[in-house]
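1. Here is a sequence with its predicted model. Questions after.
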Amino acid sequence: MGKKRTKKKKTFAETVKKKTQKKPFRNVKEDGVTYSFLDEWLLDREQARLSYVEGWSSSGLAVPLDFGLAFHDCLEWIAKGRSPKTIKKKILDPYFERRMQSKNKLRPDEVTKLRELLAVAKVLFEEYAYYWSEADKDFQYIFQEASFKVDHTLPSGLTMPLRGRWDAVYKENGKIWLMENKTKGQIDEEGILASLPFDLQTMLYVYCLQKHLGQKVEGVLYNVIRRPGLRRKKTEQIEEFVDRIQDDVVKRPMHYFMRWRVEFLEEDIENWVSKSLDPILEQVMQWWLSIQSNPFEPWDSPLHYQNPSALFTRYGRSRYFDLITRNRTTGLYRREK
């Protein structure tokens, strides 16, 4: 009897490699860069490459992030002139069902937490809209949640597109302001005010807005909503918990709703571009040119590296920990253009 040939089984590493041997998800030189990419690239070039070039992303959204996403949607609609009642009906009321219909299935405890977060978001948004209703009457909104792509010429002569999304842009008393909306648990007012003139996202967005409009942008209005620090008691129903939070918000609204205006002079932006943005982008471009011949196997480039310290963050392991250390794609999926 003849010898039976058996088909060699591919290793998991070979399977992953085959999956990744596609056209890059994004071409840095042609598609440009975002704040998120730059922030990740400065921390770890390998993780930035996995996300931006190969297109890997987390397959699930952590429930705590739903609070910020839902509130962000509400702020977009209020900038468009919709009433709080309409926003509650169109955004917050159906949010739970839409989330439950997503591919990412939630555990029972996550479902309970989602209900709680959305109930809190509803009362917090209601009080936010009331608190700022008079102050916002003079705002003439130019953009709300507007995507942008602005070409930036580097000192080397190369051009790199800069991309992103402005939360809101408005005019008040003839002056143009960028509005940055943030939901935060911990708020350090002194730290925020000190860091904004150097903050990568804020300065990048102000610079791109000024370049896009072709006129001066006065600065940024940093609009912060504090996530309640109160915790639900074991015997407390969600309705009782929400009532307790609303009472606290009504008593001290300034604890939950804060705004700071930071003005920028022309020379502030010019100095930031020359001392921060240009040097960073020149290095990004050199890195990309050194790996673009084979962006899926970048290790021949002396400009590419994996930062071991970036595998662990204050929130725990990096989302790419298993992919980098074990070649496992559990919890990840590849985005398509």
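-> Looks like it arrived, so ask away.

2. make it CA atoms for all contacts and neighbour counts henceforth
-> OK.

3. Do me a favour and average the pLDDT over stretch 154-167.
-> Per-residue pLDDT over stretch 154-167 has a mean of 96.

4. Would you map the strands across the stretch 51-200 of the chain?
-> With strands called from DSSP state E, counting those that start in this stretch, the stretch 51-200 of the chain shows them at 56-58, 140-153, 159-172, 175-184.

5. Of all the ones you listed, which one is nearest Thr86?
-> strand 140-153 (17.3 Å; CA to CA).

6. Pull the residues that contact the closest one.
-> Strand 140-153 is contacted by residues 76, 79-80, 159-172, 208, 211-212 when judged by CA atoms under 8 Å, 6 or more residues apart in numbering.

7. Same check on stretch 190-198?
-> Counting by CA under 8 Å, 6+ apart, Thr202, Met203, Trp260, Val262, Phe264, Asp268, Trp272 sit against stretch 190-198.

8. Remind me which helix or strand the last one belongs to.
-> Okay, so that is Trp272. For Trp272, the element it lies in under DSSP states H and E is helix 266-272.

9. cool, and the fourth one?
-> Val262 is located in strand 257-263, with elements delineated by DSSP H and E.

10. State the distance from Ala48 to Asn173.
-> In this view, Ala48 and Asn173 are 41 Å apart by CA to CA, to the nearest Å.

11. Those two: which has the busier surroundings?
-> Shown here are Ala48 and Asn173; by other CA atoms under 10 Å, Ala48 has more neighbours (21 against 8).

12. do you know how far that one is from Asp151?
-> From Ala48 to Asp151 the distance is 21 Å (CA to CA).

13. In this structure, where is pLDDT below threshold?
-> Counting by pLDDT under 70, the ranges of the chain that qualify are 1-22, 103.

14. Chain neighbours aside, what residue packs nearest to Glu126?
-> Excluding the flanking residues, the one nearest Glu126 by CA to CA, 6 or more residues apart in numbering is Pro84, at 6.7 Å.

15. related to what we said a few turns ago, any of the contacts of strand 140-153 buried? List them.
-> Among the contacts of strand 140-153, those buried by neighbour count (16 or more other CA atoms under 10 Å) are 76, 79, 159-164, 166-171, 208.

16. Quick one: buried ones out of the contacts of stretch 190-198?
-> So, by 16+ other CA under 10 Å, the buried ones in those are Thr202, Met203, Phe264, Trp272.

17. ok so, going back, just the buried ones among the contacts of strand 140-153 now: which is nearest Gln283?
-> Proximity to Gln283 was ranked across the buried ones among the contacts of strand 140-153 by CA to CA; first place goes to Met160, at 11.8 Å.

18. Next, the contact list for the closest one, please.
-> Counting by CA under 8 Å, 6+ apart, Met160 touches Val28, Lys29, Glu30, Gly32, Val33, Asp151, His152, Thr153, Leu154, Leu281.

19. beta partners for it?
-> His152 (DSSP bridges).

20. Quickly note the distance from it to Asp136.
-> Relative to Asp136, Met160 is positioned 36 Å away (CA to CA).

21. residue contacts, Thr183?
-> Gly68, Val224, Ile225, Arg226, Arg227.

22. Just the ones in helices from those residues, please.
-> Gly68 (DSSP state H).
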